[in-house]
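Participant: sequence-free structure coming up:
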């Protein structure tokens, strides 16, 4: 009897036919996942091992992996033999030794999930291979648990597998990782400080100016008055204050691979990702402007639903169409289960449904008459309120706008359509006294 079996006191037993099938399938899936990550290395992996501290500058919460590490995992998993720990309460064990080729599968393995997700059989095998290669739970280093989380959480698909493809990225391969995952987003570079400062200042100027020019509402004591006037979007003072506070926290990342204007990932905090088309938008507030896009995605970060997720905002038209490691060995005979998630990283936030049900276009006043005060805004209509209803209609000539003589370039218009609508609303409210 070899040393591995002696250490388990003769508890290695044959798998049942079903268990053997499950183990083989999980083994194949883990290998395919590792191979797919290597194929998508441009989106998901660092090209070489870099200092741990340097990788944390990109995203301190993300467990970045380099290509050679994933290749080592692939080669190790090709070598391993899967055995069954016969102890009914047994855990899954490995020998933390690069020469080891055995993974001892405990009862928890058979109860894990079939496809890659949290607590899955393929993920468990990737964790086991990481431990065999010597990755330990040591502060300040990449751990086996980090590698496990990198695949099960950070690289995994956000969408569901339906009709032969993943809804998030269109990938047809069932056992695959995602180009649009949080890992991909975390690898993106931050916008240069100069551009970010300019964009944030210009957008904040717009938000502060609409407060200054009283283009907002506080509270409508008689919301039935809204039914007597044409539809227009109602923006409250509290909403604008929330937009201001959130924008101050936002960071921007540049995704030159994305054929879109911008997007957010609900699993990452306070980040707006801008694509190549973002820079083709208009400089100043109007339909199809960069400042309007920022307002839209800041609103989405505030959890106002974006009804046109995945689409883009029309750049040229005046209509908003669809705004869119350590090599030290572990202690002998180490249980996997105790080390899973035994790390101090914050996982990505869970996704929230971005499309409301049965609320219609609730920002416009005829439906707001029933929901006023509950603020069932959408990010799209918040954006439209600024780009279409508050923006200047005149041109900027001789250092002022021809419509209202405002000199501030990044401003809203005191003679805008929004001002007319609010004046009519004020008049109607007097009729209800």
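Facilitator: Received it, and whenever you're ready, just let me know what you need. Model, not experiment: these values are computed from the prediction.

Participant: okay, domains of this protein per the record?
Facilitator: 3-187+329-339, 193-309+355-431 (automatic domain parsing).

Participant: export these to TSV and tack on mean neighbour count and mean pLDDT?
Facilitator: Bear in mind the C-beta positions are built from the backbone N, C-alpha and C, glycine included. Formatted as TSV, those follow (neighbours: other C-beta atoms under 10 Å; pLDDT from 0 to 100):
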stretch	mean neighbour count	mean pLDDT
domain 3-187+329-339	18	84
domain 193-309+355-431	18	83
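
Participant: what residue lies at the spatial centre of the chain?
Facilitator: residue 265 (2.1 Å; C-alpha atoms, centre = their mean).

Participant: now do the contacts for that residue.
Facilitator: 182, 185, 271, 273, 348 (C-beta atoms under 8 Å, 6 or more residues apart in numbering).

Participant: repeat that for residue 19.
Facilitator: 84, 110.

Participant: now with 10 Å, please.
Facilitator: Contact analysis of residue 19 by C-beta atoms under 10 Å, 6 or more residues apart in numbering lists 82, 84, 105, 109-110.

Participant: of these, closest to residue 203?
Facilitator: residue 109 (50.9 Å; C-beta to C-beta).

Participant: ok, the closest one to residue 121 distance?
Facilitator: For residue 109, the distance to residue 121 (C-beta to C-beta, to the nearest Å) stands at 6 Å.

Participant: joint contacts of the two?
Facilitator: Common neighbours of residue 109 and residue 121 are listed as 22-23, 26, 92 (criterion: C-beta under 10 Å, 6+ apart).

Participant: pick the one among the residues you listed closest to residue 235.
Facilitator: Looking across the shared contacts of residue 109 and residue 121 and measuring by C-beta to C-beta, the closest to residue 235 is residue 26, at 52.4 Å.

Participant: find the nearest non-adjacent residue to the closest one, please.
Facilitator: In this structure, residue 26 finds its nearest non-sequential neighbour in residue 121, 3.7 Å apart by C-beta to C-beta, 6 or more residues apart in numbering.

Participant: do the same with residue 181
Facilitator: residue 155 (5.0 Å).

Participant: and if you look at residue 146?
Facilitator: Nearest to residue 146 is residue 63, by C-beta to C-beta, 6+ apart, at 3.6 Å.

Participant: now do residue 282
Facilitator: Per C-beta to C-beta, 6+ apart, closest to residue 282 is residue 289, 4.2 Å.

Participant: go on, residue 201?
Facilitator: Nearest to residue 201 is residue 410, by C-beta to C-beta, 6+ apart, at 8.0 Å.
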